[in-house]
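Peer 1: Build me a model:
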Amino acid sequence: MKTLIHKFKYSKQKFLSHTLNDIMLAQDTVKETIQNIDVIVPVPLHWIKKMYRGFNQSELLAWGIHQYFSKPILLNNLCRVKNTASQTRLSKKQRQANIHNAFRVNNPKMFQEKRILLVDDVLTTGVTASECSKKLKQSGAKSVHLLVLATALSRGPRYAS
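Peer 2: Have a look, this model is predicted:
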(Lines give C-alpha, C1' and ligand atoms only; values in the text may rest on other atoms or scores of the structure.)
Protein backbone atom coordinates (compact mmCIF):
# COMPACT_ATOMS: atom_id res chain seq x y z
CA MET A 1 0.00 0.00 0.00
CA LYS A 2 2.81 2.40 0.90
CA THR A 3 4.46 1.93 -2.51
CA LEU A 4 1.15 2.34 -4.33
CA ILE A 5 0.38 5.62 -2.54
CA HIS A 6 3.91 6.92 -3.10
CA LYS A 7 3.67 6.21 -6.85
CA PHE A 8 0.26 7.87 -6.95
CA LYS A 9 1.42 11.05 -5.21
CA TYR A 10 4.98 11.52 -6.37
CA SER A 11 5.36 9.65 -9.68
CA LYS A 12 2.33 11.35 -11.25
CA GLN A 13 0.56 8.03 -11.77
CA LYS A 14 -2.94 9.49 -11.53
CA PHE A 15 -4.46 6.36 -13.07
CA LEU A 16 -3.84 4.61 -9.74
CA SER A 17 -6.69 6.65 -8.25
CA HIS A 18 -9.17 4.09 -9.65
CA THR A 19 -7.54 1.20 -7.80
CA LEU A 20 -7.11 3.27 -4.65
CA ASN A 21 -10.78 4.29 -4.74
CA ASP A 22 -11.79 0.64 -4.98
CA ILE A 23 -9.72 -0.05 -1.86
CA MET A 24 -11.24 2.93 0.00
CA LEU A 25 -14.80 1.92 -0.84
CA ALA A 26 -14.46 -1.79 -0.07
CA GLN A 27 -15.90 -1.49 3.45
CA ASP A 28 -19.68 -1.53 3.88
CA THR A 29 -19.53 0.95 6.78
CA VAL A 30 -17.80 3.45 4.49
CA LYS A 31 -20.52 3.07 1.85
CA GLU A 32 -23.28 3.51 4.45
CA THR A 33 -21.69 6.69 5.78
CA ILE A 34 -21.18 8.20 2.33
CA GLN A 35 -24.84 7.63 1.50
CA ASN A 36 -25.73 9.86 4.46
CA ILE A 37 -23.44 12.80 3.73
CA ASP A 38 -24.37 15.98 1.88
CA VAL A 39 -21.08 16.98 0.32
CA ILE A 40 -17.52 15.75 -0.30
CA VAL A 41 -14.57 18.02 0.53
CA PRO A 42 -11.02 16.96 -0.35
CA VAL A 43 -8.18 18.19 1.85
CA PRO A 44 -6.74 21.03 -0.24
CA LEU A 45 -3.17 21.46 -1.42
CA HIS A 46 -1.56 24.86 -1.58
CA TRP A 47 -1.66 26.12 -5.18
CA ILE A 48 2.15 25.96 -5.48
CA LYS A 49 2.24 22.28 -4.46
CA LYS A 50 -0.68 21.51 -6.75
CA MET A 51 1.07 23.23 -9.65
CA TYR A 52 4.31 21.35 -8.95
CA ARG A 53 2.61 17.96 -8.53
CA GLY A 54 0.08 18.57 -11.29
CA PHE A 55 -2.90 17.42 -9.23
CA ASN A 56 -4.30 17.11 -5.73
CA GLN A 57 -4.36 13.42 -4.78
CA SER A 58 -7.21 13.95 -2.29
CA GLU A 59 -9.23 15.68 -4.99
CA LEU A 60 -8.80 12.69 -7.34
CA LEU A 61 -9.96 10.33 -4.58
CA ALA A 62 -12.94 12.62 -3.92
CA TRP A 63 -13.89 12.56 -7.62
CA GLY A 64 -13.89 8.76 -7.51
CA ILE A 65 -16.30 8.83 -4.57
CA HIS A 66 -18.46 11.37 -6.42
CA GLN A 67 -18.63 9.12 -9.48
CA TYR A 68 -19.71 6.14 -7.38
CA PHE A 69 -22.26 7.93 -5.15
CA SER A 70 -23.22 11.08 -7.13
CA LYS A 71 -22.56 13.26 -4.09
CA PRO A 72 -21.51 16.86 -4.81
CA ILE A 73 -17.92 17.96 -4.30
CA LEU A 74 -17.08 21.39 -2.94
CA LEU A 75 -13.74 22.54 -4.31
CA ASN A 76 -11.92 25.80 -3.63
CA ASN A 77 -14.02 26.75 -0.62
CA LEU A 78 -11.82 25.10 1.98
CA CYS A 79 -8.42 26.46 0.90
CA ARG A 80 -4.86 25.94 2.02
CA VAL A 81 -3.56 29.49 2.31
CA LYS A 82 -0.19 28.62 3.80
CA ASN A 83 2.40 26.72 1.76
CA THR A 84 3.38 24.38 4.55
CA ALA A 85 6.58 22.37 4.66
CA SER A 86 6.32 18.66 3.94
CA GLN A 87 5.11 16.93 7.09
CA THR A 88 6.63 13.57 6.22
CA ARG A 89 9.46 13.78 8.75
CA LEU A 90 7.94 16.14 11.32
CA SER A 91 6.90 15.23 14.87
CA LYS A 92 3.31 15.78 15.95
CA LYS A 93 4.25 19.02 17.72
CA GLN A 94 6.11 20.26 14.63
CA ARG A 95 3.15 19.30 12.44
CA GLN A 96 0.79 21.29 14.66
CA ALA A 97 2.96 24.38 14.34
CA ASN A 98 3.40 23.80 10.60
CA ILE A 99 -0.32 23.46 9.88
CA HIS A 100 -1.52 26.22 12.25
CA ASN A 101 -3.63 28.75 10.30
CA ALA A 102 -2.91 26.90 7.04
CA PHE A 103 -6.59 26.67 6.02
CA ARG A 104 -9.36 29.16 5.36
CA VAL A 105 -13.01 28.86 4.36
CA ASN A 106 -13.98 31.33 1.64
CA ASN A 107 -17.76 31.02 1.88
CA PRO A 108 -18.94 29.58 5.22
CA LYS A 109 -22.59 29.50 4.08
CA MET A 110 -21.71 26.64 1.72
CA PHE A 111 -21.00 24.41 4.73
CA GLN A 112 -23.84 25.43 7.07
CA GLU A 113 -25.86 22.46 8.32
CA LYS A 114 -24.02 20.13 5.91
CA ARG A 115 -22.85 16.62 6.70
CA ILE A 116 -19.37 16.66 5.19
CA LEU A 117 -17.10 13.85 4.07
CA LEU A 118 -13.51 15.11 4.34
CA VAL A 119 -11.23 13.05 2.08
CA ASP A 120 -7.46 12.66 2.39
CA ASP A 121 -4.92 10.11 1.28
CA VAL A 122 -2.95 9.34 4.46
CA LEU A 123 -3.61 9.98 8.15
CA THR A 124 -0.45 10.11 10.22
CA THR A 125 -1.02 12.16 13.38
CA GLY A 126 -4.41 13.61 12.45
CA VAL A 127 -3.22 17.21 12.65
CA THR A 128 -4.23 18.16 9.09
CA ALA A 129 -7.62 16.46 9.35
CA SER A 130 -8.24 18.07 12.72
CA GLU A 131 -7.40 21.55 11.45
CA CYS A 132 -9.64 21.12 8.38
CA SER A 133 -12.46 19.72 10.50
CA LYS A 134 -12.17 22.64 12.91
CA LYS A 135 -12.51 25.16 10.05
CA LEU A 136 -15.50 23.29 8.61
CA LYS A 137 -17.26 23.14 11.99
CA GLN A 138 -16.55 26.83 12.63
CA SER A 139 -18.33 27.44 9.32
CA GLY A 140 -21.46 25.72 10.59
CA ALA A 141 -21.02 22.15 9.35
CA LYS A 142 -23.47 19.79 11.02
CA SER A 143 -20.86 17.00 11.05
CA VAL A 144 -17.51 16.15 9.52
CA HIS A 145 -16.63 12.55 8.68
CA LEU A 146 -13.08 11.69 7.67
CA LEU A 147 -12.22 9.10 5.02
CA VAL A 148 -8.57 8.31 4.35
CA LEU A 149 -6.96 5.74 2.14
CA ALA A 150 -4.44 4.66 4.76
CA THR A 151 -3.11 5.45 8.18
CA ALA A 152 0.58 5.53 9.01
CA LEU A 153 0.22 2.56 11.35
CA SER A 154 -2.29 0.28 9.64
CA ARG A 155 -1.82 1.12 5.96
CA GLY A 156 -5.48 0.39 5.27
CA PRO A 157 -8.62 2.45 4.62
CA ARG A 158 -10.03 4.23 7.66
CA TYR A 159 -13.22 6.05 8.41
CA ALA A 160 -13.88 8.29 11.39
CA SER A 161 -16.66 10.66 12.34
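
Peer 1: Tell me where this protein has strands.
Peer 2: 39-42, 78-80, 103-105, 115-123, 143-151, 158-160 (DSSP state E).

Peer 1: List just the one of those strands that sits closest to A129.
Peer 2: strand 143-151 (5.1 Å; CB to CB). For glycine as for every other residue, the C-beta is placed from the backbone atoms N, C-alpha and C.

Peer 1: per-residue confidence at Y10?
Peer 2: On the pLDDT scale, Y10 is placed at 68.

Peer 1: Just want the most central residue of this structure.
Peer 2: Using CA atoms, centre = their mean, the residue of the chain that lies closest to the mean C-alpha position is D120, 2.5 Å off.

Peer 1: For it, name its beta-bridge partners.
Peer 2: Applying DSSP bridges to D120 yields these beta-bridge partners: V148.

Peer 1: My guess is it contacts L45. True?
Peer 2: No - shown here, D120 and L45 do not form a contact pair, counting by CB atoms under 8 Å, at 10.7 Å.

Peer 1: Overlap in contacts, the two.
Peer 2: S58 (CB atoms under 8 Å, 6 or more residues apart in numbering).

Peer 1: any low-confidence regions in this structure?
Peer 2: Along the chain, the parts satisfying pLDDT under 70 run over 7-11, 153-161.

Peer 1: ok, back up a step: K2 is nearest to which of the strands of the chain?
Peer 2: strand 143-151 (7.7 Å).

Peer 1: got a list of contacts for that closest one?
Peer 2: When contacts are taken as CB under 8 Å, 6+ apart, the neighbours of strand 143-151 outside the stretch itself are 1-2, 5, 20, 23-24, 30, 33-34, 37, 61, 65, 115-124, 129, 132-133, 136-137, 156-161.

Peer 1: residues making contact with stretch 23-38?
Peer 2: With CB under 8 Å, 6+ apart as the contact definition, stretch 23-38 has outside contacts at 1, 61, 64-65, 68-69, 71-72, 114-117, 142, 145, 147, 149, 157, 159, 161.

Peer 1: repeat for stretch 109-118
Peer 2: Stretch 109-118 is contacted from outside by 33-34, 36-43, 65, 71, 74, 77, 105, 129, 132-133, 136, 139-147, using CB under 8 Å, 6+ apart.

Peer 1: Only the buried members of these: can you turn that into a ChimeraX selection?
Peer 2: Typed into ChimeraX, the next command selects the buried ones out of these (criterion: 16 or more other CB atoms under 10 Å):
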select :33,34,37,38,39,40,41,42,43,65,71,74,77,105,129,132,133,136,139,141,143,144,145,146,147
